[in-house]
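> Give me the fold of what follows.
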Amino acid sequence: MLEFCKAALAEQGVATDNVEFRQLDVNEFKADSQEFALVISNFAAHWFKDTSLSLHNLVESLLNGGIMLTSFPGNHSFPKWYENCLELGLPHTANPLPDVEEVVVKLSMGPVQIDYYENDLFKEFDSSVDFFRHLKSIGASTSILNKSLSTKQFKLLTDHWDKKTTGKVKVKWHIVYLAAKKN
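Next up is the predicted model:
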């Protein structure tokens, strides 16, 4: 991903010696100094062990006036998946997603200006199985809680979901776009 970003900037003619790309393990990262003018995290924050704490640590690494931009799926994503599991008495095995309000409140505690926008995006699939295949194809099928359904439970869920649906299976992603400026 970093190489893709470098190439995209070079194509736009904005790659300079002042731009540094760094891959960090945010779960282990602790700001030793204020060294970054801009931190970008796109669709990664939901994989952090503690989203609020990790984003706070990234903000701490910003220079005064520095900006952090991030986007991630929030906790209001995939309601139909949850509803179908609830109806069948099956465990909902989706990874927990960040609580938007919690993240915003915790980040607002310091000398930081927070602006955020929430948007629901929908994607249609021919079946619920196709939705789960899509999650797998984008690397989002890894369970951080080590929870999974048995084959029988999975078939029960997908059959139930598909029978309840007229036409295509419509899945909602609740996306959070957040900007934090360090004062």
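
> where exactly do the strands run in the chain?
36-42, 62-73, 112-125, 169-182 (DSSP state E).

> just checking, which of those strands comes out with the lowest mean pLDDT?
Ranked by mean pLDDT, the strands of the chain end with strand 36-42 in last place, scoring a mean of 90.

> can you give me the angle the helix or strand of the chain with the lowest mean pLDDT makes with strand 36-42?
When each helix and strand of the chain is scored by mean pLDDT, DSSP states H and E, helix 2-12 comes last, with a mean of 80. Inter-element angle recorded for helix 2-12 and strand 36-42: 110 degrees (by axes from the mean of the first three to the mean of the last three Cα atoms, to 10 degrees).

> mind checking how far helix 2-12 is from the chain centre?
22 Å (Cα atoms, centre = their mean, to the nearest Å).

> cool, stretch 116-133 as well?
14 Å.

> residue closest to the middle of this structure?
The residue lying closest to the centre of the chain (Cα atoms, centre = their mean) is residue 72, at 2.9 Å.

> Could you report the distance from the spatially closest residue to that one that is not a sequence neighbour to residue 35?
Spatial nearest neighbour of residue 72, chain neighbours left out: residue 45 (4.0 Å); criterion: Cβ to Cβ, 6 or more residues apart in numbering. All C-beta atoms are positioned from the backbone trio N, CA, C, and that covers glycine. As for residue 45, its distance to residue 35 is 20 Å (criterion: Cβ to Cβ, to the nearest Å).

> got it, and residue 106?
Taking Cβ to Cβ, one finds residue 106 at 22 Å from residue 35.

> neighbour count winner among these two?
Neighbours per residue (other Cβ atoms under 10 Å) separate residue 106 from residue 35, with residue 106 holding more: 17 against 12.

> That one is in contact with residue 54, isn't it?
No: using Cβ atoms under 8 Å as the test, residue 106 is too far from residue 54 to be in contact (10.7 Å).

> Is it correct that the residue nearest to the centre of the chain is in contact with residue 174?
No: here residue 72 does not reach residue 174: they are 9.8 Å apart, not a contact under Cβ under 8 Å.
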